[in-house]
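Peer 1: I'll drop the sequence and a predicted model, then ask my questions.
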Amino acid sequence: MNNFDRYAHIIGWGTSVPKKVVSNQELSEMVDTTDEWIESRTGIKQRYIADNTETTASLGLKASKNALDVANISPKDLDLIIVATCTPEHNFPSTASIIQDKLGATRAGAFDMNAACTGFVYALSVANQMIRSGAFNTILIVGSETLSKIVNWEDRSTCVLFGDGAGAIVLQEKNQPGGILTSVLRSDGSGADLLKVPAGGSAMPATNHTVENNLHAITMNGREVFRFATRVMADACNKVVQQADMTLDDIDFIIPHQANKRIIETAARNLNLPLDKFIMNLDAHGNTSAASIPLALCEAISNQQIKDKHNIIFVAFGGGLSWGATLVSWDMTHTKPVNQIWHKLRRQALYGFAKIRSTIRRSTRKIEGILLKDDSTDIDKT
Ligand code: UT7
């Protein structure tokens, strides 16, 4: 097979959300807002909020296991794990490496990708190219976020918007045309200040001042981001269909980044498309950044909205400023039946072994460190 016959198809998908749901009504008891304001200005009714035990890696891990179940493959089949997130577990190590270890994906490379809310679309495009080039066969892409941990819970203009969750997909090389067709990726860093977390990076490392002044939380110029979003959503959709030699009439569904119902309605008007072509679940989740498209995709699959051979656009925008779109031709022939209990049990066993393996490797490293201490001191002396 030459590289022109390689296509990246979605063969598995899964989600995970925190246990706790917070309604608009509950938020109105914390900050000066109302259910009516939030729902009429955004379309959001509730969001899932992580507790202290739920993190970007733990949510991403659960979503990944669910995606491997649908794909019915072993974690050892993965060549690469990409986690799209702007709320990583740490600055480093990558959240992807933590998920790789816990899955026992011992053959996989792993890295995080931060393109804020556009991260999932960026990750899909990168993974598609890696598969089509012949570099890799099977890639896990996870969009996972715990935005509740970086919002200022006293700022009503941002804290009502965001939620936590994770969605994952498995991309695999197949020789039948279809799967990920083409992508458009764009950035305009002149708008970097419109949506950001000011402190915690090299420009403003953490100090008492940054903590006392809430500079580790999201700041946003909502109106400007709104204007930017409505402009670029339509533009990215038009470009991606042109690139694929299609028209908007060929598109069955658009799965947009779930930030605000009014942004999606404006994009629908700009594209001259009916609103029912747009998959929306932001009423239940709020804005979950890089997790929002895979969460909406998975819900649309389980509601049986998405059918074989549907052409679907994923379109997103966010901090950077960044935006982009990916066009997918949905192909059910590559999804194996779910509930293959024996395979599922085998995967559970592999996750158990992964835990043991990780513990042994940590212990071995400690013992080696103690035993080799004298040698390394000798090296230092030479
Ligand atoms: O993933 C990308 C991230 N971000 C986005 O996509 C956000 C894009 N922007 C938006 O979705 C909208 O701009 C918001 C939902 C953030 C705000 O809606 P808006 O219609 O643009 O409201 P606004 O900022 O123009 O504020 C209107 C009023 C203001 O009061 P005054 O100055 O008119 O008296 C705000 O202080 O609404 C007030 N306000 C609120 N009132 C009640 C702002 N937040 C709230 C709130 N509850 N939570």
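Peer 2: Perfect, I can see it now. Computed from a predicted model, the values in this text were never measured in an experiment.

Peer 1: can you count the residues close to the spatially closest residue to Gly109 that is not a sequence neighbour?
Peer 2: Nearest in space to Gly109, with sequence neighbours left out and distances taken as CB to CB, 6 or more residues apart in numbering, is Leu80 at 5.0 Å. (Each C-beta comes from the backbone N, C-alpha and C, glycine too.) Leu80 has 24 neighbours, counted by other CB atoms under 10 Å.

Peer 1: does Leu80 touch Met130 like I think?
Peer 2: Yes - the criterion here is CB atoms under 8 Å, and Leu80 meets it with Met130 at 6.7 Å.

Peer 1: any common contacting residues for these two?
Peer 2: Phe136, Ile139 (CB atoms under 8 Å, 6 or more residues apart in numbering).

Peer 1: can I assume Ile313 sits in a strand?
Peer 2: Yes - assessed with DSSP: H, G, I helix; E, B strand; the rest coil, Ile313 lies in a strand.

Peer 1: how many residues are close by it?
Peer 2: Using other CB under 10 Å, Ile313 has 28 neighbouring residues.

Peer 1: that one pairs with what?
Peer 2: Note on Ile313: beta-bridge partners Ile254, Leu327, judged by DSSP bridges.

Peer 1: let me know the pLDDT of it.
Peer 2: As predicted, Ile313 sits at a pLDDT of 98.

Peer 1: residues contacting it?
Peer 2: So Ile313 contacts Cys237, Val240, Val241, Ile251, Phe253, Ile254, Ile255, Ala325, Thr326, Leu327, Val328 (CB under 8 Å, 6+ apart).

Peer 1: can you tell me the SS state at the most centrally placed residue in the chain?
Peer 2: In the chain, the residue lying closest to the centroid (CA atoms, centre = their mean) is Gly143, at 1.5 Å. Gly143 falls in the strand class when you classify it by three-state DSSP.

Peer 1: returning to what we had before: between the contacts of Ile313, which is closest to Gln46?
Peer 2: Ile255 (20.1 Å; CB to CB).

Peer 1: state the distance from the closest residue to that closest one other than its chain neighbours to Leu371.
Peer 2: Excluding its sequence neighbours, the residue lying closest to Ile255 (CB to CB, 6+ apart) is Ile279, at 4.6 Å. Counting by CB to CB, to the nearest Å, the separation of Ile279 from Leu371 is 57 Å.

Peer 1: was I right to think Asn281 contacts Pro294?
Peer 2: No - checked against CB under 8 Å, the pair Asn281 and Pro294 is beyond contact range at 11.1 Å.

Peer 1: which one of these two has more residues nearby?
Peer 2: Neighbour count, other CB under 10 Å: between Asn281 and Pro294, Pro294 has more, with 30 against 18.
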